[in-house]
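Q: fold the following.
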Amino acid sequence: MKVKFSAAVKAAIAKGKPVVALESTIIAHGMPYPQNFAMAQKVEGIIRHGGAVPATIAIIKGVLRAGLSEKELQLFAQEGSSIIKVSTRDMPFVVAQKLNGATTVASTMRIAEMAGIRVFATGGMGGVHRSAQTTFDISADLTEFANSNVAVVTAGAKAILDLGLTLETLETLGVPVVGFATDEFPAFYSRCSGFRVPMRLNTPDEIAAMMWAKWKMNLRGGIVVANPIPAAEEIPASEIEPIIQAALKLAQTQGIDGKDTTPFLLKAIAEATFGRSLKANIALVENNAKLAAQIAKAYSQKRKT
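A: Numbering: from 1, shown residues only. This is a model prediction of the structure:
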């Protein structure tokens, strides 16, 4: 099945220009309206300002899309709760039924690779949920990293997860985790998690060189580029952890599980922090978009040499 491109994305890919993929779940399920729409527009603008072309990924009426119009972005922002959250498991159903779908990190990676897009900017990736030893709740994002050749710029894994087990799982799957100018794996809202990254690179050119080397050796799978939230917007782990614990208990009390868990927890945390966590979420997404554009430009140059 082919991916339908916007005119701008199609032209950029044809000319070998840098393109950055963006997910649509963060718009539909990650933030409330109208902040989600403003964020989507701002992030696309940051990527354009950085010399790359944004390609927001989604499924519209069963068609895989790379690059949305402003009207389509607004549709996902306004009707988010009624749009299906689509991981790779759900793609065949949504396509066959000709439905709209908001893509997660996993499905965005898969469609980005199908489209020939090698760099993807998100907020925070999924991973191993807390208490996964009994619930077996592990995000498909992790297994997708072992399959799709896409470098994902992320502020670490979402702080609501078990970060230690997430890193262990990525190691088992053979997925490189690179700290961008940091020796510590970031924890979404927080710059520090207490877990070291296995490798560190300090420039977009170095990351592009690693991408090139990995895929030239036919080593399938993506790369996690762990980019800490800007210091001015972070919420220290010691401050956010009790709030996360309270949100987890609330989710358990209300019987929230599966793919409904993350949106529920993010909303509960935003309410408990009086919107501070939402502000941090937006800041880290913008920061990741800026870095992703730089990496996409460096990788585009690498392919031409």
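Q: how about the lowest-mean-pLDDT helix or strand in the chain: buried residues?
A: Here the helix or strand of the chain ranked lowest by mean pLDDT, DSSP states H and E is helix 132-135, holding a mean of 75. For helix 132-135, the neighbour count (16 or more other C-beta atoms under 10 Å) marks residue 132 as buried. The way it works is simple: take the backbone N, C-alpha and C, and place the C-beta from them, glycine included.
Q: with stretch 138-148 instead?
A: 138-145, 147-148.
Q: what sits against residue 179?
A: 185-186, 197, 199-201, 226 (C-beta atoms under 8 Å, 6 or more residues apart in numbering).
Q: repeat that for residue 39.
A: Counting by C-beta under 8 Å, 6+ apart, residue 39 has contacts 26-27, 31, 282, 285-286.
Q: can I get the lengthiest strand in the chain as CSV, trimmed to CA atoms?
A: Ranked by number of residues, the top strand in the chain under DSSP state E is strand 53-60. Extracted C-alpha coordinates of strand 53-60, given in CSV (Å, rounded to 0.1, in the frame of the first residue of the first chain):
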residue,chain,number,x,y,z
VAL,A,53,9.7,19.9,5.6
PRO,A,54,7.2,18.7,8.3
ALA,A,55,5.2,15.6,7.5
THR,A,56,2.5,15.0,10.1
ILE,A,57,1.5,11.3,9.8
ALA,A,58,-2.1,10.1,10.0
ILE,A,59,-4.7,7.9,8.5
ILE,A,60,-7.6,9.8,6.8
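Q: which other helices and strands does that strand contact?
A: Under the contact definition 3 or more C-beta pairs under 8 Å, 6 or more residues apart in numbering; DSSP states H and E, strand 53-60 sits against helix 7-14, strand 19-22, helix 35-49, strand 63-66, helix 70-78, helix 91-96, strand 101-103, helix 105-115.
Q: starting at the chain centroid, how far to stretch 55-64?
A: For stretch 55-64, the separation from the chain centroid amounts to 16 Å (computed by C-alpha atoms, centre = their mean, to the nearest Å).
Q: state the mean pLDDT of it.
A: Stretch 55-64 shows a mean pLDDT of 98.
Q: give the buried residues for that stretch.
A: Across stretch 55-64, burial judged by 16+ other C-beta under 10 Å covers 55-60, 64.
Q: I'd say residue 190 and residue 163 touch.
A: No: applying C-beta atoms under 8 Å, one finds residue 190 not in contact with residue 163, separated by 10.3 Å.
Q: cheers, nothing more for now.
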